[in-house]
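K.L.:
predicted model and sequence below, questions to follow.
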Amino acid sequence: MRTLVYCVAIAASLALVATDATAERRHRGKPSAPVSLTAKAERTASGWRVVVDAAPTRAVDAVTIEIDGQATRFGATAARDARHLVAPVKLAADAGKDVVVTARVAGRSQSVIVRVGAPAPAAKPLPVTVRQINGVSVAEVRQ
Amino acid sequence: MGAALLAAAACGGSDGPPSLSGTISYEDRAQQTNGRLATELVPMPARGVTLSLINEADGAVLTTVTTDDEGRYTIEFVEPLVEPTEPVHLLAAAMNMSPERPIQVVRRDRQVHGVGGEAFTFKDGTDVDLLITDASGEAEAFNVFDMAVLSHDAVTARLALTPTPITLIWERGSNDGTYYSGDATVHLLGAASDDDGYDDTVILHEIGHFFEDTIGRSDSPGGGHDGSPTDPNLAWSEGFSTYWAMAIKDVPFYGDSNSGGGWGYNADTALTRAPQPAGDIGQDVGENLTTEVLWDLGDAASGDDDQLAGDHLRVLNVQPMYLRTAALRNVGEPGVDLVDFLDGFFVADGLDHCAAVRQIVVTNHTFPYDFGGPGGRCP
């Protein structure tokens, strides 16, 4: 009896996973750049640096990495061959900064933002008043 | 003076009932050909949005109207609606509940985006305008709404079909991703690193997927697509949706801004070829090949690389007229792809343009279509 319960539970779990996987597979996203981009901030003895890896998903003629507006161009790159770039970031003591990192590959680009140094101050949400308009909830922001 | 502009028209005492009118607009950033957004903010009419008059003291909704295509509204105070004597304000909501434009743009909590103006005291014949500013964090929601209006109007006016309701989720700061989830819902990024709220073509691309589902057909498995040759069903679906964005705006341009600038693509000047010109009709192709073929079939003859005097309606109509209901030919990849579209194009268009289509599909894009679909065999 216990075995039967386990089997039913496992089957139900698998069905759930399959449903989720199907739903995820059906998501139709926007065109993306053929690159896997990762970036992180690291503390060094003299301050901070940003470490970037950009690996094209297919062989491409060039990979360009921009860190905080400074572009570095790499030549032809094989699929999944990561280009690695490290850039120091100067910051005043206790200061913080959002650094934009962009990879440009095959005419498309992808960007991420890396927070360096002190955390960003939490954004204060705008006050909202919810009103019912024709039976629909409308979140009103006053200007 | 902030968002709400009180422009005293001083034309009271008209013959009609007491009324309040004005224009609702939102600040927009134009897309540039390199995919970046213009820094300049330009006011655009908030057409088809829901506008309510709210009593400032108790929040009562006094009346609700819809703006016209110039963003204009008029509220006439006719019994039982009486002229307000206490301060009121306008509330613009990014929704429309009409059968022609069944659209809602919502936050992640599924509440519709709304913007309230400054309080004012009603005076007959006075214009009260409302400009939804970028600074409010809400202008992009109204731009998203406007892209859905464009799409729904195309379905109604050009394809003569009744659009089905759509919900679009956008919120500043949202990391939810940009995708169509298959349940009449479009999700759009609002993240600092990548915000799609002003990216008209990205918004329209995702709405294109919605229309595939609701008036046409898609067998796309979904998933990532980066321009590389990929599953024909996926390449068709993504290429069509990018074409939808171009056809709706009538420019062969797709752009996607991000915090590093962005990127742009021109389907009229780019040339994507099939990887194997002598290969199988069901081979993997890039999504751009589909977009470029569709654009060339739909654009005018002069000034580009093809001689076909097309029109976008003829291309778009293949979705509802053929792909939606037809039994697809058993060639190449199972499920709808470029081959099935071309089959449907010839069914709808006849065989008069075989040579021009052959030049676009085979000569320019090296795709080995067999020109032997249910519409007949091209000579």
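P.N.:
Yep, it's here. Note that the structure is predicted; figures quoted are calculated from it, not measured.
K.L.:
how about whatever residue of chain A ends up closest to chain B, secondary structure?
P.N.:
Among the residues of chain A, residue A:102 lies closest to chain B, at 2.8 Å counting by CB to the nearest CB. Where C-beta positions appear, they are placed from N, C-alpha and C, glycine not excepted. When the structure is reduced to helix, strand and coil (DSSP: H, G, I helix; E, B strand; the rest coil), residue A:102 reads as strand.
K.L.:
what distance do you get for it to residue A:114?
P.N.:
If you measure residue A:102 against residue A:114 using CB to CB, to the nearest Å, the figure is 11 Å.
K.L.:
okay, those two: which has more neighbours?
P.N.:
residue A:102 (27 against 21; other CB atoms under 10 Å in any protein chain shown).
K.L.:
that one touches residue A:69, doesn't it?
P.N.:
No: checked against CB atoms under 8 Å, the pair residue A:102 and residue A:69 is beyond contact range at 9.2 Å.
K.L.:
the helix ranked longest in chain B vs chain A: in contact?
P.N.:
As far as residue count goes, and with DSSP state H defining each element, the longest helix of chain B is helix B:232-249. Yes: contact check for helix B:232-249 against chain A, using CB under 8 Å from any CB of the partner chain: residues in range are B:237, B:238, B:241, B:242.
K.L.:
just the CA atoms of that helix, as PDB, please.
P.N.:
Only the C-alpha atoms of helix B:232-249 are listed here, as PDB (Å, rounded to 0.1, in the frame of the first residue of the first chain):
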ATOM      1  CA  PRO B 232      12.200  25.900 -38.200                       C
ATOM      2  CA  ASN B 233       9.000  26.200 -36.100                       C
ATOM      3  CA  LEU B 234      10.900  28.600 -33.700                       C
ATOM      4  CA  ALA B 235      12.500  30.500 -36.500                       C
ATOM      5  CA  TRP B 236       9.200  31.000 -38.200                       C
ATOM      6  CA  SER B 237       7.400  32.200 -35.000                       C
ATOM      7  CA  GLU B 238      10.100  34.600 -34.000                       C
ATOM      8  CA  GLY B 239      10.800  35.900 -37.500                       C
ATOM      9  CA  PHE B 240       7.100  36.400 -38.100                       C
ATOM     10  CA  SER B 241       6.700  38.300 -34.800                       C
ATOM     11  CA  THR B 242       9.600  40.600 -35.700                       C
ATOM     12  CA  TYR B 243       8.000  41.200 -39.100                       C
ATOM     13  CA  TRP B 244       4.700  42.000 -37.300                       C
ATOM     14  CA  ALA B 245       6.400  44.800 -35.400                       C
ATOM     15  CA  MET B 246       7.800  46.100 -38.700                       C
ATOM     16  CA  ALA B 247       4.600  45.800 -40.600                       C
ATOM     17  CA  ILE B 248       2.500  47.500 -37.900                       C
ATOM     18  CA  LYS B 249       4.900  50.500 -37.900                       C
END
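K.L.:
same for it, what does it pack against?
P.N.:
Contact analysis of helix B:232-249 by 3 or more CB pairs under 8 Å, 6 or more residues apart in numbering or on different chains; DSSP states H and E lists strand A:28-29, helix B:139-153, helix B:200-215, strand B:253-258, helix B:287-298, helix B:312-316, helix B:338-349 as its packing neighbours.
K.L.:
among those, which is nearest residue A:125?
P.N.:
In this view, these are compared for proximity to residue A:125 by CB to CB, and helix B:139-153 is the closest at 15.3 Å.
K.L.:
packing partners for the closest one?
P.N.:
Under the contact rule (3+ CB pairs under 8 Å, 6+ apart), helix B:139-153 is packed against strand B:19-28, strand B:95-96, strand B:103-106, strand B:112-116, strand B:166-169, helix B:200-215, helix B:232-249.
K.L.:
ok so, going back, against residue B:177, how distant is the residue of chain A closest to chain B?
P.N.:
Computed with CB to CB, the distance linking residue A:102 and residue B:177 is 19 Å.
K.L.:
do the same with residue B:207
P.N.:
When CB to CB is the yardstick, residue B:207 and residue B:177 sit 16 Å from each other.
K.L.:
compare those two (neighbour count), which wins?
P.N.:
In this comparison of residue B:207 against residue B:177, neighbours counted by other CB under 10 Å, the higher total goes to residue B:207 at 26 against 15.
K.L.:
which ones are touching the more buried one?
P.N.:
Under the criterion of CB atoms under 8 Å, 6 or more residues apart in numbering or on different chains, the contact partners of residue B:207 comprise B:147, B:148, B:151, B:166, B:168, B:180, B:186, B:244, B:245.
K.L.:
again, only this time at 10 Å
P.N.:
Counting by CB atoms under 10 Å, 6 or more residues apart in numbering or on different chains, residue B:207 makes contact with B:103, B:144, B:147-148, B:150-152, B:154, B:166, B:168, B:180, B:186, B:241, B:244-245, B:248.
K.L.:
which among the residues you listed gets closest to chain A?
P.N.:
For those, with chain A as the reference and CB to the nearest CB as the criterion, the closest is residue B:180, at 4.6 Å.
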